[in-house]
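A.B. asks: Mind looking at a prediction? Sequence and model below.
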Amino acid sequence: MIERLGILAADFAMLSLLSVGGAVSVLPEMHRSLVDVHGWMSSREFSDLFALAQAAPGPNVLVVSLFGWQAAGMAGAVVTTLAMILPSSLLTYYADRLLWRRAGAAGWREIIDNGLAPITVGLVLASGVLLAGANISNIPAMACTAAAALIAWRTRVHPLWLIAAGALAGIAGIV
């Protein structure tokens, strides 16, 4: 158990520093670690936990608590949450104190922000592809996912309506 907690702490601390755009942006790497490398859950369990976290109110980063819980119980939930939050928070704090507050640093901040934006978009797209892949064997679920993605992309329909439609499809047994 101690070894598993150490692995979770190391993996999620590293992901914390790479999670440009939030925890959702590193979901593919979380999946690779938890499902493919360590086998602590299935792809379906991973997707279900992510869906549960998205349905609950609160910040997106709390999904890591569910992943930690599944992998190592309450201790895993605490370890993954702290490992995901502390490194990036400390980096942000010290970067703000040491870099951004100095004279002439405003230009660097804009350069860094502009450089990280495309990375964030790519990471979030990779997360979407990973989560959609969990439905690859379920044709109705794939169709529902594709329809929701298309509607979200091409219209201004509020995402809550798409979530409600997906919930109704699940209740009706369509997906």
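C.D. replies: Now that the structure is in, tell me what you want to look at. Numbering: from 1, shown residues only.

A.B. asks: For this structure, give me the ranges with low pLDDT.
C.D. replies: For the chain, residues meeting the criterion pLDDT under 70 lie at 100-106, 134-135.

A.B. asks: quick one, helices of it?
C.D. replies: Under the criterion DSSP state H, the chain contains helices at 2-18, 27-31, 43-55, 63-95, 106-133, 139-154, 159-171.

A.B. asks: So what's the gap between the fifth one and the chain middle?
C.D. replies: Helix 106-133 has its average C-alpha position 13 Å from the chain's average C-alpha position, going by CA atoms, centre = their mean, to the nearest Å.

A.B. asks: With stretch 81-100 instead?
C.D. replies: Here stretch 81-100 is found 18 Å from its chain centre; the criterion is CA atoms, centre = their mean.

A.B. asks: do stretch 146-157 as well
C.D. replies: On the basis of CA atoms, centre = their mean, stretch 146-157 sits 20 Å off its chain's mean C-alpha point.

A.B. asks: shift numbering so it begins at 274
C.D. replies: Okay, residue one is now 274; in that scheme the one you just asked about reads as stretch 419-430.

A.B. asks: Contacts for it next, please.
C.D. replies: For stretch 419-430, the surrounding residues in contact (CB atoms under 8 Å, 6 or more residues apart in numbering) are 401, 405, 432, 435, 438, 439. All C-beta atoms are positioned from the backbone trio N, CA, C, and that covers glycine.

A.B. asks: same thing but 6 Å
C.D. replies: Residues from elsewhere that reach stretch 419-430, judged by CB atoms under 6 Å, 6 or more residues apart in numbering: residue 435.

A.B. asks: among the helices of the chain, which is nearest residue 310?
C.D. replies: Across these, residue 310 has its closest neighbour in helix 275-291 (8.9 Å, CB to CB).

A.B. asks: Which strands or helices does that closest one pack on?
C.D. replies: In terms of contacts (3 or more CB pairs under 6 Å, 6 or more residues apart in numbering; DSSP states H and E), helix 275-291 is packed against helix 336-368.

A.B. asks: Any buried residues in the helix it packs on, and which?
C.D. replies: For helix 336-368, a neighbour-count test (16 or more other CB atoms under 10 Å) marks 336-345, 348-358, 360-361 as buried.

A.B. asks: So which other helices or strands are in contact with that helix?
C.D. replies: In terms of contacts (3+ CB pairs under 6 Å, 6+ apart), helix 336-368 is packed against helix 275-291, helix 316-328.
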